[in-house]
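Asker: Task: produce atomic coordinates for the following.
(one chain, ligands or ions: 1)
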Amino acid sequence: MKKVSFDFDGTLSNTDIQAYASRLIRRGFEVWICTCRMEDNKAPSPNWNYDLFEVAGELGIKRENIIFCNLSDKASFLANKDFIFHIDDDLTELSNLKDTDVIPVSVFGNKNWEQDCEKAIMLKINETKIQILFRFLDKNEILFDEWYIDDDSKAFDAIEEAMEYYAVKYHEDKCSQCKSQ
Ligand SMILES: [Mg+2]
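Answerer: This is a model prediction of the structure:
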């Protein structure tokens, strides 16, 4: 399994980073949250992590893929568990990862954080990018998307998966248009 880890506060709490995490999930990555926050039973109030669980729920990140470090060092939770990268806005947490198998990616003052994540992925796994163009027969627009595969024999499966994804999305859009009329 292709595993990646996201800090929450100042990282996955941002919508652009949530959108990237969502794209990674679609590409077949297992997205984890690794936060220095305290888990609910140790936190000062019962709703302490409400915002975090809300984002995790929207992205489809399972409860067992959320690590609460309870203020201790993240590197000890992430090392040697096959994580490709950990992205964070805390430079101390990132420098602690330098001697581990996890590639640290900073979002702190770094506009290129997404490219840095992609570089980490390229270093660790062998992925091929497929570019797909769709034209819906009743629409005058061309849709462009990129799909990723880790084995060339999966190319046709990826195209089928992409077609299914857009067919469902197209149907949902039509339904919502009908409802709003
Ligand atoms: Mg943070």
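
Asker: Check which helices and strands the lengthiest helix in the chain sits against.
Answerer: Longest helix in the chain, counting residues (DSSP state H): helix 155-180. Where contact means 3 or more C-beta pairs under 8 Å, 6 or more residues apart in numbering; DSSP states H and E, helix 155-180 is packed against strand 128-135, strand 142-149. Every C-beta, even on glycine, is put in place using the N, C-alpha and C of the backbone.

Asker: out of those strands, which comes closest to the ion?
Answerer: Proximity to the ion (C-beta to the ion) singles out strand 142-149 among those, at 27.0 Å.

Asker: winner for burial among the helices and strands packed on helix 155-180?
Answerer: With neighbours defined as mean count of other C-beta atoms under 10 Å, these peak in mean count at strand 142-149, which reaches a mean of 14.

Asker: Give me the helices and strands touching that one, please.
Answerer: strand 128-135, helix 155-180.

Asker: show me what contacts the most centrally placed residue in the chain?
Answerer: Centroid check for the chain by C-alpha atoms, centre = their mean gives residue 21 as the closest residue, at 2.0 Å. Residue 21 makes contact with 6, 12, 31, 59, 61, according to C-beta atoms under 8 Å, 6 or more residues apart in numbering.

Asker: Among those, which lie within strands?
Answerer: Of the contacts of residue 21, the ones assigned to strands by DSSP state E are 6, 31.

Asker: Which of the contacts of residue 21 sits closest to residue 48?
Answerer: Comparing these against residue 48 with C-beta to C-beta picks out residue 12 as the nearest, at 16.3 Å.

Asker: thinking again about what came up before, in a markdown table: the helices and strands packed on helix 155-180, plus mean pLDDT.
Answerer: Below are the helices and strands packed on helix 155-180 laid out as a markdown table (pLDDT from 0 to 100):
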| stretch | mean pLDDT |
| --- | --- |
| strand 128-135 | 82 |
| strand 142-149 | 81 |
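
Asker: May I see the ones you listed arranged in a markdown table, with distance to the ion as well?
Answerer: Converted to a markdown table, the helices and strands packed on helix 155-180 look like this (distance: least, C-beta to the ion, whole Å):
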| stretch | distance to the ion |
| --- | --- |
| strand 128-135 | 30 |
| strand 142-149 | 27 |
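
Asker: rewinding a little: what's the closest of the contacts of residue 21 to the ion?
Answerer: Proximity of those to the ion (C-beta to the ion) peaks at residue 12, which lies at 8.8 Å.

Asker: picking up where we left off before, what's the neighbour count on the residue nearest to the residue nearest to the centre of the chain when sequence neighbours are not counted?
Answerer: In this structure, residue 21 finds its nearest non-sequential neighbour in residue 31, 5.0 Å apart by C-beta to C-beta, 6 or more residues apart in numbering. As a burial measure, residue 31 scores 21 neighbours (other C-beta atoms under 10 Å).
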